[in-house]
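>>> make a model of this:
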Amino acid sequence: MNDGLVALQQRLQHDFATPQLLTQALTHRSFSIDHNERLEFLGDSVLNLAVADLLYAQLKALPEGDLSRVRANLVKQDTLHQLALELGLPEVLRVGEGEARSGGHKRPSILADALEAVIGAVHLDAGFAAAQALVQRLFKGVEINPQMEAIGKDAKTELQEWLQGRKMKLPLYRVVGTLGMAHKQTFDVECEITEFGLAERGIGGSRRAAEQAAATAMLQTLKAGAGK
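Now for the predicted structure:
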């Protein structure tokens with residue numbers, strides 16, 4: 001393992017029993033077929049659960065909808081990008097030549113995804129408790145307070161709250177297609193609400209952006225009267 005990854009483990013305060021997991025977490029799809037997207041998928045869920053647990057303990061007076069909104073502000077791309085920069089992920093991220101030329105190792109969406117992948121890698125390496133402890137360390141310096149609920153909701157959060165308010169299951173998001181070269185891909189994501197039999201699509205330069213676009217389309221459909 002090179003010096004950069006050794007130093008990163010020190011910053012993470014986690015020594016990997018399986019170092020290959022960390023290497024994979026830091027590998028963009030433009031660099032290798034053995035990339036970090038599956039780890040990112042896992043890390044996204046681990047992060048949401050760990051942050052939900054953190055908020056449940058710290059913000060005891062907030063109802064469900066407000067807790068969801070605060071969590072959305074904590075796990076959004078901007079916050080994860082800043083945490084990734086503090087960890088020094090741009091220096092150890094592995095991207096392809098084309099992506100490197102276009103500044104991919106500094107792109108917020110790629111860094112946010114890599115941080116989620118690292119969290120997923122820690123979970124696989126040592127279990128949820130270790131991943132949860134990492135998330136708690138990462139967010140130790142992030143201000144968490146009820147006032148965060150006043151920050152505008154993104155489309156995914158608004159859709160989640162719309163469904164939760166009606167005691168319905170959360171929407172399902174899945175990538176149904178990708179276009180373009182590995183270093184400059186466009187994602188096509190479907191948002192499905194099974195109880196209504198509704199599905200809407202969204203396009204974006206990252207999976208996150210495409211999910212937001214799909215959620216926006218679904219909200220427009222719901223507010224227009226479908227499924228009410």
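
>>> got the CA coordinates for stretch 85-100 in PDB?
Provided in PDB are the C-alpha atoms of stretch 85-100 (Å, rounded to 0.1, in the frame of the first residue of the first chain):
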ATOM      1  CA  LEU A  85     -11.600  17.500   0.600                       C
ATOM      2  CA  GLU A  86     -10.800  17.500   4.300                       C
ATOM      3  CA  LEU A  87      -9.800  13.900   4.100                       C
ATOM      4  CA  GLY A  88      -7.600  14.600   1.100                       C
ATOM      5  CA  LEU A  89      -9.400  12.200  -1.200                       C
ATOM      6  CA  PRO A  90      -8.500  14.200  -4.400                       C
ATOM      7  CA  GLU A  91      -4.800  13.200  -3.900                       C
ATOM      8  CA  VAL A  92      -5.500   9.500  -3.700                       C
ATOM      9  CA  LEU A  93      -8.500   9.100  -6.100                       C
ATOM     10  CA  ARG A  94      -7.900   7.000  -9.100                       C
ATOM     11  CA  VAL A  95      -9.500   8.300 -12.300                       C
ATOM     12  CA  GLY A  96      -8.800   7.700 -16.000                       C
ATOM     13  CA  GLU A  97      -6.700  10.000 -18.200                       C
ATOM     14  CA  GLY A  98      -9.600  11.700 -19.800                       C
ATOM     15  CA  GLU A  99     -11.300  12.300 -16.400                       C
ATOM     16  CA  ALA A 100      -8.000  13.600 -15.000                       C
END
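
>>> got the phi and psi for residue 142?
When read as degrees, to the nearest 10, the backbone of residue 142 gives phi -90, psi 130.

>>> per-residue pLDDT, it?
Note for residue 142: predicted pLDDT of 84.

>>> is it in contact with residue 76, as I believe?
No. Here residue 142 does not reach residue 76: they are 11.6 Å apart, not a contact under C-beta atoms under 8 Å. Using the backbone N, CA and C atoms, a C-beta is placed for each residue, glycine as well.

>>> who's more crowded, the two?
residue 76 (17 against 13; other C-beta atoms under 10 Å).

>>> what about the more buried one, distance to residue 212?
According to C-beta to C-beta, to the nearest Å, residue 76 stands 10 Å off from residue 212.

>>> find residues that contact each of these two.
Shared contacts of residue 76 and residue 212 (C-beta atoms under 8 Å, 6 or more residues apart in numbering): residue 154.
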